[in-house]
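Engineer: Structure for the following, please:
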Amino acid sequence: MGPCSEVAVSASISFLRRHRSADAHVASTPQGAGGGGIRLRGHVPTLSMAPVVITREFQFDAAHRILGHRGQCAWLHGHSYRIAVTVEAPELDALGMVMDFERLGCIVRAAIVDRWDPAALLSRADPLATAIAGIQAEAPERLVLFAENPTAEVLSQEAFHTIAKPLPEGITPTSVTVWETSNCRSEYRRADAGD
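Structural biologist: Residues are numbered from 1 along each chain as shown. Down below sits the predicted model:
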């Protein structure tokens, strides 16, 4: 038995001693008594693996305003947004991954970043939306309208639900965080989505 095997056996024995159940029994035998030191009898518990998560971050620039806001956010202004998308899988794939980071990147870019960067993000109720649509008629895709004001909270929810659709089977979004500035962010989690 090589050194890596000895470490693995030692770690397994240590785990079993700490988490002994009625079905498992760990006994020591003297090294010279023909046993090799450790004997396992009965059922050996297996470790249940918690879901594994990965996160990928992106940046995009967009303009927005908050219709009805009493401060500066009422005026059209822009942000260099940052978005972090976290997904999970119940187990790793054959390559030892939740999913390939590049594939996740392609999905998020197509679903969110390419649509919102650069764009004017406005509420459908905002009268400025009609004006912008008329001014930039040659690029209608650069105006993105939302049912509500495009706050960081609304953007994180919208991104979460939009990204969930094209993910591969077995991969689910865990959270989406949108930073409006370096110290202001909103996180929308799967628990918030009611899943």
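
Engineer: Who does the residue nearest the centre of the chain form a beta bridge with?
Structural biologist: In the chain, the centroid-proximal residue (C-alpha atoms, centre = their mean) is Thr86; its distance is 0.7 Å. As for beta bridges, Thr86 partners with Thr55, Ser175 under DSSP bridges.

Engineer: Next one: it from Leu76, what distance?
Structural biologist: Going from Thr86 to Leu76 by C-beta to C-beta, to the nearest Å gives 31 Å. For every residue, glycine as well, the C-beta is placed using N, CA and C.

Engineer: and if you look at Glu138?
Structural biologist: Noted for Glu138: a distance of 19 Å to Leu76, by C-beta to C-beta.

Engineer: neighbour count winner among the two?
Structural biologist: More crowded of Glu138 and Leu76, by other C-beta atoms under 10 Å: Leu76, with 13 against 6.

Engineer: Using the record, which stretches count as separate domains in this structure?
Structural biologist: Following automatic domain parsing, one finds the domains of the chain at 3-42, 52-193.

Engineer: Mind telling me which of those the model trusts least?
Structural biologist: Among those, domain 3-42 carries the lowest mean pLDDT, a mean of 41.

Engineer: where do the strands sit along the protein?
Structural biologist: Counting by DSSP state E, the chain has strands at residues 24-28, 38-42, 52-64, 77-89, 119-123, 143-146, 172-181, 184-189.

Engineer: Out of those strands, which is closest to Arg109?
Structural biologist: Set against Arg109 and scored by C-beta to C-beta, the strands of the chain come closest in strand 52-64, at 7.1 Å.

Engineer: Please put the alpha-carbon coordinates of that closest one into CSV.
Structural biologist: Extracted in CSV, the C-alpha atoms of strand 52-64 (Å, rounded to 0.1, in the frame of the first residue of the first chain):
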residue,chain,number,x,y,z
VAL,A,52,-21.9,21.5,-5.9
VAL,A,53,-22.1,25.1,-7.1
ILE,A,54,-20.1,27.2,-9.5
THR,A,55,-20.2,30.9,-10.1
ARG,A,56,-19.2,33.0,-13.1
GLU,A,57,-19.1,36.8,-13.2
PHE,A,58,-19.7,39.2,-16.0
GLN,A,59,-19.7,43.0,-16.5
PHE,A,60,-22.0,45.1,-18.7
ASP,A,61,-22.7,48.8,-19.1
ALA,A,62,-26.3,50.1,-19.3
ALA,A,63,-28.4,53.2,-18.7
HIS,A,64,-31.5,53.2,-16.6
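
Engineer: Give the buried residues for it.
Structural biologist: 54, 56, 58, 60, 62-64 (16 or more other C-beta atoms under 10 Å).
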